[in-house]
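Peer 1: here is a sequence with its predicted model. Questions after.
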Amino acid sequence: MEYINLFVKSIFVDNMIFAYFLGMCSYLAVSKNVKTANGLGIAVIAMLLITLPLNYLLNKFVLQPGALSWLGDKFAGVDLSFLSFILFIAVIAAFTQVVEMVVEKFLPALYSSLGIYLPLIAVNCAILGGSLFMQQREFGNIGEAAVYAFGSGIGWWLAIVALAAIREKLSYSNVPAGLKGIGITFITVGLMGIAFMAFMGISL
């Protein structure tokens with residue numbers, strides 16, 4: 001039940017886009033059609049599922065105060081937490097390259113449509129934010145970290161696919177000239193954010 005609560009909360013209550021506004025650059029840029037948005041959303045889910053549990057292990061056994069005690073008593077007082085940003089980003093960047101090569105090899109059309117935004121997953125705030133939230137919330141085990149990663153990825157995917165579907169419909173709508181393009185997109189995202197605020201009242 002605890003895992004279910006964490007999963008649902010990470011999708012709706014702590015949504016990376018609507019609660020923390022993380023990953024907004026690629027969210028706005030790649031949400032012009034559903035197919036491309038779906039591809040990027042799945043890539044973000046994969047990246048979170050891979051990197052967040054790895055960063056959990058890195059934090060637990062290397063970075064946090066006393067984490068190196070498994071090497072011996074003389075390492076028990078070592079605190080490497082100041083290296084968290086650098087090492088988390090290094091893990092994310094390394095696996096971004098792997099994901100990019102896989103997509104380029106097996107899904108060339110998606111690779112072409114995503115363009116520069118696929119390698120930019122390495123600096124996607126949602127990916128790094130997931131690892132930093134994991135560190136801040138001090139999850140008890142790697143299972144909680146993995147569930148949080150999956151839920152956060154699903155939440156990001158849901159947000160970008162929903163916006164892409166709306167933007168596809170808006171292209172056929174009679175939008176005032178001054179609001180066409182990014183203007184109506186900002187208004188739409190704002191309304192979606194307000195709608196997601198309703199989930200914050202849920203007690204889990």
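Peer 2: Looks like it came in fine.
Peer 1: what sits against residue 30?
Peer 2: 36, 37, 40, 114, 117, 160, 164 (C-beta atoms under 8 Å, 6 or more residues apart in numbering). Glycine gets a C-beta too; all of them are placed from N, C-alpha and C.
Peer 1: quick one: the last one from residue 3, how far?
Peer 2: Going back to what we said before, that points to residue 164. 29 Å (C-beta to C-beta, to the nearest Å).
Peer 1: for the worst-scoring helix or strand of the chain on mean pLDDT, buried residues please.
Peer 2: The weakest-scoring helix or strand in the chain, judged by mean pLDDT, DSSP states H and E, is helix 108-114 (a mean of 80). Burial within helix 108-114, assessed by neighbour count using 16 or more other C-beta atoms under 10 Å, is assigned to 110, 111, 113, 114.
Peer 1: just stretch 23-42 next, same as before
Peer 2: Buried-residue list, stretch 23-42, by 16+ other C-beta under 10 Å: 23, 26-32, 34, 36-42.
Peer 1: now stretch 160-167
Peer 2: 160, 161, 162, 163, 164, 166, 167.
Peer 1: and the contacts of it?
Peer 2: With C-beta under 8 Å, 6+ apart as the test, stretch 160-167 has contacts from 17, 27, 30-34, 36-38, 40-41, 185, 188-189, 192.
Peer 1: apply 7 Å and report the result again.
Peer 2: 27, 30-34, 37-38, 40-41, 185, 188-189, 192 (C-beta atoms under 7 Å, 6 or more residues apart in numbering).
Peer 1: what about that stretch, average pLDDT?
Peer 2: Mean pLDDT, stretch 160-167: 95.
Peer 1: from the chain's centre, how far out does that stretch sit?
Peer 2: Centre-to-centre, stretch 160-167 and its host chain are 17 Å apart (C-alpha atoms, centre = their mean, to the nearest Å).
Peer 1: same question, stretch 150-157
Peer 2: 7 Å.
Peer 1: and that stretch, which residues are buried?
Peer 2: 150, 151, 152, 153, 154, 155, 156, 157.
Peer 1: CA-only coordinates of it in PDB, if you can.
Peer 2: The C-alpha atoms that make up stretch 150-157 are tabulated as PDB, following Å, rounded to 0.1, in the frame of the first residue of the first chain:
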ATOM      1  CA  PHE A 150       8.500   5.300 -12.300                       C
ATOM      2  CA  GLY A 151       5.700   7.500 -11.000                       C
ATOM      3  CA  SER A 152       7.600  10.700 -11.700                       C
ATOM      4  CA  GLY A 153       8.300   9.500 -15.200                       C
ATOM      5  CA  ILE A 154       4.700   8.600 -15.800                       C
ATOM      6  CA  GLY A 155       3.600  12.000 -14.500                       C
ATOM      7  CA  TRP A 156       6.000  13.800 -16.900                       C
ATOM      8  CA  TRP A 157       4.900  11.600 -19.800                       C
END
